[in-house]
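Chemist: give me a 3D structure for the following:
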Amino acid sequence: MATAKRKSTSKRSGARKYGKAASKSVGSAMRRKKMGTLKSGRGGKGGTVKSRKQAIAIGLSEAREKGAKVPRKRAAKKSGTKRAARKK
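Modeler: Numbers count the residues shown, from 1 in each chain. Here you go, the predicted model:
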């Protein structure tokens, strides 16, 4: 009895989500974080980045500015809690 190969049912095609340049930019940001030279905010006024997630976000943001293949940022969720509190 031969086993049949099943194709995955995911919607994602074979194309890469992130480009090589984006990967390099994130790698560079991670190295700068480890050395303690990665700063958050504009003009280096912010403090040193401690979080791994923040370092990745900064790397992707830099790649986006350079025009690398990076997906768009997800929009922040709108919550109705502030509106409800203001009405009272």
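
Chemist: could you list every residue that touches the residue nearest the centre of the chain?
Modeler: Against the mean C-alpha coordinate of the chain, by Cα atoms, centre = their mean, the closest residue is Ala57 at 4.4 Å. For Ala57, no contacting residues are found, by Cβ atoms under 8 Å, 6 or more residues apart in numbering. No exception for glycine: its C-beta is placed from N, CA and C like everyone else's.

Chemist: off-centre distance for the host helix or strand of it?
Modeler: Per DSSP states H and E, Ala57 falls inside helix 52-66. Remark: helix 52-66 is offset 6 Å from the chain centroid, using Cα atoms, centre = their mean, to the nearest Å.

Chemist: average pLDDT across that helix?
Modeler: For helix 52-66, the mean pLDDT works out to 91.

Chemist: go on, stretch 33-41?
Modeler: Stretch 33-41 comes out at a mean pLDDT of 90.

Chemist: so how far is that stretch off the chain centroid?
Modeler: Distance of stretch 33-41 from its chain centroid, counting by Cα atoms, centre = their mean, is 16 Å.
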